[in-house]
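Engineer: prediction below, plus the sequence it came from.
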There are 2 protein chains.
Amino acid sequence: MEDFMLLKNQLCFAVYETASEFNKLYSSTLQPYGLTYPQYLVLLALWEKDSVTVKELGKKLHLGTGTLTPMLTRMEANGWIRKERSKTDERRVYIFLQKKALNEKKAITKTVSNEIQSCNIGLEEYKQLMERLNQLHRKLKERER
Amino acid sequence: MEDFMLLKNQLCFAVYETASEFNKLYSSTLQPYGLTYPQYLVLLALWEKDSVTVKELGKKLHLGTGTLTPMLTRMEANGWIRKERSKTDERRVYIFLQKKALNEKKAITKTVSNEIQSCNIGLEEYKQLMERLNQLHRKLKERER
DNA sequence: ATAAATTAAATCGCCTACGATTTAATCTTA
DNA sequence: TAAGATTAAATCGTAGGCGATTTAATTTAT
C-alpha cells in the first residue's frame, strides 16, 4: 500500500514534469514565430475548424474564458486572429483566423513537426502512450462526478 | 499524416490535458487543507528530505527561484515551512518543515491516496504509463541539448 | 409582455511558471 | 589581498490557468 502510494505520487509528478518538458520544447520551437505553446494549441484548433465561438474553442481546449479571453486578446494584437461579436446573438464572440495564421500554417507545423521528429519517438511508443493517457484521462474525468 | 495534425491526436495535447486533470483533481482534494497542487509537491519533497536549500528543492522539482521563492513565502505565511538563511554561507536559504506539515502529513497523504484510489487505476496500467512517460521524458530531455 | 432564469463573455484575484536581471555573498586567481 | 568570476536567492515582467463574480443579451415561463 505504501509502495502504491509512492507510485501514484510518481505518476502525477511524471505527468506534471512531462507536460512541463513539452511546454519548454514547444515554447522554444515556437518562439521565432512569437507564439506560446497554448497559443499554438489555439491555432491548431482553429486550423481544424475556423470561425468558432469562444465557448466552443474553450470546450475543445478545455479552457475557460478566464484563460481564453486575455489570451485571444493578445493573439488578436499579434495579428493571428480576429474577434467579432455576432450580430444575431450579441453574447457570442466569434474567432476568425487572420491571413498571417493561414499563411504561416505550413511553416509553423513543419517546424514543430521537425522538432518533434528529432525526439525519435517511435510510432508504436506514441500510440501506446496516447492510449494509456486517454485511458487515465477518462478515469480522472469520471472521478470528477 | 493529416490526422496526425488533429488536436485530439497530438501527444502533447494529451499530456497537457492529463496534467491539467491531475491538477484539478489534486487541487480540489487539497483545498480543505489550504494547499495547492504544487505546494503539495513541495511537501512531498520535504517529507522525503527535510532542511534543503531552495536550490536543491528546485532541482528536485525542476523549478526555478522565480517560481519557488514566492511560493515558499506563501507556504511560510501559511505555517507549512520555515525559511532560514544559512549562517555559514549567507547566500543559501534552508527550508524546514513546520510542525503543522509534520502533524498533518498522515491526514493529507491519506486523503490524497483515497481520492486517487477512487479512480480505479490498476497497478499494471500504472507501471506501463510510468514506463512510457519516463521514456518520453528522457527523449525530451535529450532533445534539449 | 414582463419577470426570472439562463447563457456567453469579460473581469477579478490568486497562484503558478519561466526567462532575464539584480543583489549580495563567496570563491578564484592574478 | 583586491579584482573578477561564480553562485544563490530575490525580483521583475509576461503569460497561462482557474474559480468566482459581473455584465449584458437572450430565453423561458408565467
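Structural biologist: Thanks, I have the structure now.

Engineer: next, count neighbours for A:I116.
Structural biologist: Neighbour count of A:I116, defined by other CB atoms under 10 Å in any protein chain shown: 21. Where C-beta positions appear, they are placed from N, C-alpha and C, glycine not excepted.

Engineer: chain neighbours aside, what residue packs nearest to the residue most central in space within chain A?
Structural biologist: Centre of chain A computed as the mean C-alpha position; nearest residue by CA atoms, centre = their mean is A:L41, 3.1 Å away. Closest residue to A:L41 in three dimensions, ignoring its sequence neighbours and counting by CB to CB, 6 or more residues apart in numbering or on different chains: A:L61, at 5.9 Å.

Engineer: and for A:V112?
Structural biologist: Counting by CB to CB, 6+ apart, the nearest residue to A:V112 once its immediate chain neighbours are dropped is A:T29, at 5.7 Å.

Engineer: which SSE is that neighbour in?
Structural biologist: In this assignment (DSSP states H and E), A:T29 forms part of helix A:2-30.

Engineer: with A:V42 instead?
Structural biologist: Here A:V42, judged by DSSP H and E, is contained in helix A:37-48.

Engineer: that helix and DNA strand D, are they touching?
Structural biologist: Yes. Legend: contact between helix A:37-48 and DNA strand D by CB under 7 Å from any atom of the strand is shown at A:Y37, A:P38, A:Q39.

Engineer: CA atoms only: put that helix into CSV for me.
Structural biologist: Extracted C-alpha coordinates of helix A:37-48, given in CSV (Å, rounded to 0.1, in the frame of the first residue of the first chain):
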residue,chain,number,x,y,z
TYR,A,37,2.6,26.8,-26.6
PRO,A,38,-1.1,27.4,-25.5
GLN,A,39,-1.4,29.9,-28.4
TYR,A,40,-0.2,27.2,-30.8
LEU,A,41,-2.9,24.9,-29.4
VAL,A,42,-5.4,27.6,-30.2
LEU,A,43,-4.1,27.8,-33.8
LEU,A,44,-4.3,24.0,-34.1
ALA,A,45,-7.9,24.1,-33.0
LEU,A,46,-8.7,26.9,-35.4
TRP,A,47,-6.8,25.4,-38.4
GLU,A,48,-9.1,22.4,-37.8
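
Engineer: contacts for that helix, please.
Structural biologist: Residues external to helix A:37-48 that are found in contact with it (CB atoms under 8 Å, 6 or more residues apart in numbering or on different chains): A:22-23, A:26-27, A:30, A:35, A:52, A:57, A:60-61, A:63, A:67, A:71-72, A:74-75, A:80-81, A:95, A:97, A:101, A:105, A:108, A:112, B:5-7, B:10, B:13, B:16.

Engineer: just say helix, strand or coil for the residue of chain A found nearest DNA strand D.
Structural biologist: Residue nearest to DNA strand D within chain A: A:G66 (2.3 Å; CB to the nearest atom of the strand). Three-state call for A:G66 (DSSP: H, G, I helix; E, B strand; the rest coil): helix.

Engineer: contact partners for the closest residue to DNA strand C within chain A?
Structural biologist: Here the residue of chain A nearest DNA strand C is A:K55; by CB to the nearest atom of the strand that distance is 2.7 Å. For A:K55, the contact set (CB under 8 Å, 6+ apart) comprises A:R92.
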